[in-house]
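In: What shape does this take:
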Amino acid sequence: MSDLAAALEVVGARWALLIVEQLLEGPQRYGDLQRELGVPTNMLATRLRELEAAGVLRRLPLRHNTRAYALTDRGRALGEAIEALGRWGRGAPD
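Out: Predicted coordinates:
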């Protein structure tokens, strides 16, 4: 498997990079992610579990049995790739 294929196994699923992009702004609660992204709740739960298992994000315990999600170093390392994809999507040159 190529390095690119390995990366896409982790972040190539629908919504995965959008979740990471949202968390680049800082830790967020589940409900906040769902509201901001408009992702169906079952899909959000699945993607968060997958990204956590891959070491891209981690859960932070909050008060009253709530949790927030934050990027790990591995997740924050995706920032440059996400910015480059955004520029590409706008049709802007590097």
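In: what helix or strand does the most centrally placed residue in the chain sit in?
Out: Closest to where the C-alpha atoms of the chain average out (CA atoms, centre = their mean) is Val20, at 2.2 Å. Element membership of Val20, judged by DSSP states H and E, is helix 16-23.
In: Gly31 too?
Out: With DSSP H and E as criterion, Gly31 is part of helix 30-37.
In: pLDDT averaged over that helix, what's the number?
Out: Helix 30-37 carries an average pLDDT of 95.
In: Which secondary structure elements does it sit against?
Out: Other elements packing on helix 30-37 under the criterion 3 or more CB pairs under 8 Å, 6 or more residues apart in numbering; DSSP states H and E are helix 16-23, helix 41-53, strand 67-71. In this view, the C-beta of every residue, glycine as well, is placed from N, C-alpha and C.
In: average pLDDT across the helix or strand encompassing Glu80?
Out: Using DSSP H and E, Glu80 sits in helix 79-90. For helix 79-90, mean pLDDT is 93.
In: what does stretch 8-22 give?
Out: Computed over stretch 8-22, the mean pLDDT rounds to 94.
In: Kindly report the same for stretch 49-66.
Out: Mean pLDDT, computed over stretch 49-66, is 91.
In: Please tell me how far that stretch is from the chain's geometric centre.
Out: When distances are taken as CA atoms, centre = their mean, to the nearest Å, stretch 49-66 is centred 11 Å away from the chain's centroid.
In: So what touches it?
Out: 10-11, 13, 16, 19-20, 23, 27, 29-30, 48, 67-72, 74-75, 78 (CB atoms under 8 Å, 6 or more residues apart in numbering).
In: ditto for stretch 26-44
Out: Applying CB under 8 Å, 6+ apart, the contact partners of stretch 26-44 are 14-15, 18-19, 22-23, 45, 47-48, 60, 62, 66-70.
In: between these, which is nearest Trp88?
Out: Proximity of these to Trp88 (CB to CB) peaks at Leu18, which lies at 15.1 Å.
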